[in-house]
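# Following is a predicted model, sequence given first.
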Amino acid sequence: MSVSMDLIKQLREETGAGISDCKNALIESQGDIDKARKILLAKGAAKAAKKLDRLTKEGVISIKNNGKKAIMIELGCETDFVGRNEKFVELAKNITEFLFDKDFSTIDEALNLEYKDSKDLRTFINENISVFGENIRLSRVKVLKAQKESEIIFDYLHFNNRVGVLVLIDSEKELDEESKKELGNKVVFQIASMKPVYLDLSSIPNEEIEEQKRMAFEQAKSEGKPEHIAQKIAEGKVLKIFEESVLLEQPFFDDSMKLPKFKDYIKFMESKIGGKIVVKDFARFEIGK
């Protein structure tokens, strides 16, 4: 039988499936659009299952933040083409909105939450695999919550949705709008541009420090240094290695302020507002990293 382009177009708009898939489903259903939807859903589920093991190296970051609670997700896909698709970006936003008001501790718990039409979030995401023709995965989720009135959450999302930042700060003094804007901008841009891994030196796992010390010590010894000198060299090298990945120890990104380290900027802001400022937690997501 022949199928009208109007019917194919309607089914395509409703399901997101390809033109040929819509046409074949309508032919199989003898032009019954409700049956055609079910055919596409069944075939889409089968296709989606085959795609579940494919790597998701592309995607988007999505953030929702009300200043006291924030969530950031990374929704992965296979290609940049899908990652830049407006409908895919909208899908990430919808998932972020849904998860914002929910309580969960792991991605698995998040995926098991009941979504629309009594299905869970995992099923909803898997159904979209057939819509976009690629594997889709909720790769990472970070939730920050202020525990007291003096704490505030700042966020940053790069224009291409590929880099996102959340940071929780406790300010002893209430920040006026100008100071809040300045502090928030400097902190999120520091994290976005300098890519810290740890908050401060105390947050580095001890086994990582010891491993780096051991490697630096053995290198110095192999170069003929006496043991006590090799030990000092190892200590110095470890500090240098980790200061590049520790937020408070990193060089401050804004050269115009002539401040050597990010912690010096925090001290500058403390003197400006007349109270202590503590960076409590942060997260930085970057697609493919």
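Yes, it's here. A quick note: this is a predicted structure, and the numbers were derived from the prediction, not measured.
# Span of stretch 194-208 from start to end?
In stretch 194-208, first residue to last residue: 20 Å (CA to CA, to the nearest Å).
# Tell me the buried residues in it?
194, 196, 198-199, 204 (16 or more other CB atoms under 10 Å). From N, CA and C alone the C-beta is placed, and that goes for glycine too.
# Quickly name whichever of the residues you listed is closest to Phe100.
Nearest to Phe100 among those, counting by CB to CB, is Leu199 at 24.0 Å.
# Which residue ranges of the stretch 51-200 of the chain form helices?
Here the stretch 51-200 of the chain has its helices, by DSSP state H, counting those that start in this stretch, at 80-83, 86-100, 107-111, 121-132, 177-194.
# Redo the buried residues of stretch 194-208 as JSON lines? Include pLDDT.
What follows is the buried residues of stretch 194-208, written out as JSON lines (pLDDT from 0 to 100):
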{"residue": "Met194", "pLDDT": "94"}
{"residue": "Pro196", "pLDDT": "92"}
{"residue": "Tyr198", "pLDDT": "91"}
{"residue": "Leu199", "pLDDT": "93"}
{"residue": "Ile204", "pLDDT": "81"}
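# burial count for Lys181?
12 (other CB atoms under 10 Å).
# ugh, typo on my part, it should be Glu28
Using other CB under 10 Å, Glu28 is surrounded by 15 other residues.
# got any ranges where the stretch 101-250 of the chain has weak pLDDT?
118 (pLDDT under 70).
# nearest residue to Pro140 other than its sequence neighbours?
Just so we're on the same page, residue 140 is Arg rather than Pro. Distances taken as CB to CB, 6 or more residues apart in numbering place Glu74 nearest to Arg140, at 4.2 Å, with adjacent residues excluded.
# And Gly274, by the same measure?
Per CB to CB, 6+ apart, closest to Gly274 is Lys173, 5.8 Å.
# Look up how far Lys180 lies from that neighbour.
11 Å (CB to CB, to the nearest Å).
# Settle it for me: which of the two has more neighbours?
Per other CB under 10 Å, whichever of Lys173 and Lys180 has more neighbours is Lys180, with 17 against 14.
# any idea how far the residue nearest to the more buried one when sequence neighbours are not counted lies from Asn66?
The shortest distance from Lys180 to any non-neighbouring residue, by CB to CB, 6+ apart, is to Ile152 (7.3 Å). Between Ile152 and Asn66 the computed distance is 10 Å (CB to CB).
# and what of Glu78?
From Glu78 to Asn66 the distance is 32 Å (CB to CB).
# same question, Phe104
Plainly put, Phe104 is 18 Å away from Asn66 if you go by CB to CB.
# related to what we said a few turns ago, quick check on Glu78 and Asn66: which one has the bigger neighbour count.
A count of neighbours by other CB under 10 Å puts Glu78 above the other of Glu78 and Asn66, at 20 against 9.
# the strands in the chain, which residues?
Secondary structure of the chain, counting by DSSP state E: strands at 58-65, 69-77, 137-145, 151-157, 163-171, 277-286.
# The longest one - contacts with which helices or strands?
In this structure, strand 277-286 packs against strand 69-77, strand 137-145, strand 163-171, helix 177-194, helix 262-273, with contacts taken as 3 or more CB pairs under 8 Å, 6 or more residues apart in numbering; DSSP states H and E.
# If you count neighbours, what's buried in it?
Those would be 277, 279, 281-285, for strand 277-286 by 16+ other CB under 10 Å.
# what residues does that strand touch?
61, 72, 74, 140, 142, 144, 151, 162-172, 183, 187, 191-192, 195-196, 199, 247-248, 266, 269-270 (CB atoms under 8 Å, 6 or more residues apart in numbering).
# Could you check the angle that strand makes with strand 151-157?
Counting by axes from the mean of the first three to the mean of the last three CA atoms, to 10 degrees, strand 277-286 lies at 30 degrees to strand 151-157.
# Listing partners with orientation, what would you give for strand 277-286?
strand 163-171 (antiparallel) (DSSP bridges).
# residues in contact with the partner strand?
Identification of contacts with strand 163-171 by CB under 8 Å, 6+ apart yields 61-63, 65, 70, 72, 74, 142, 144, 146, 148, 150-158, 183, 187-188, 191-192, 273, 275-287.
# For PyMOL, write the select line for the buried members of those residues.
Buried residues among the contacts of strand 163-171 (16+ other CB under 10 Å), as a PyMOL selection:
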select buried, resi 61+62+63+65+70+72+74+142+144+146+150+151+152+153+154+155+156+157+183+187+188+191+192+273+277+279+281+282+283+284+285+287
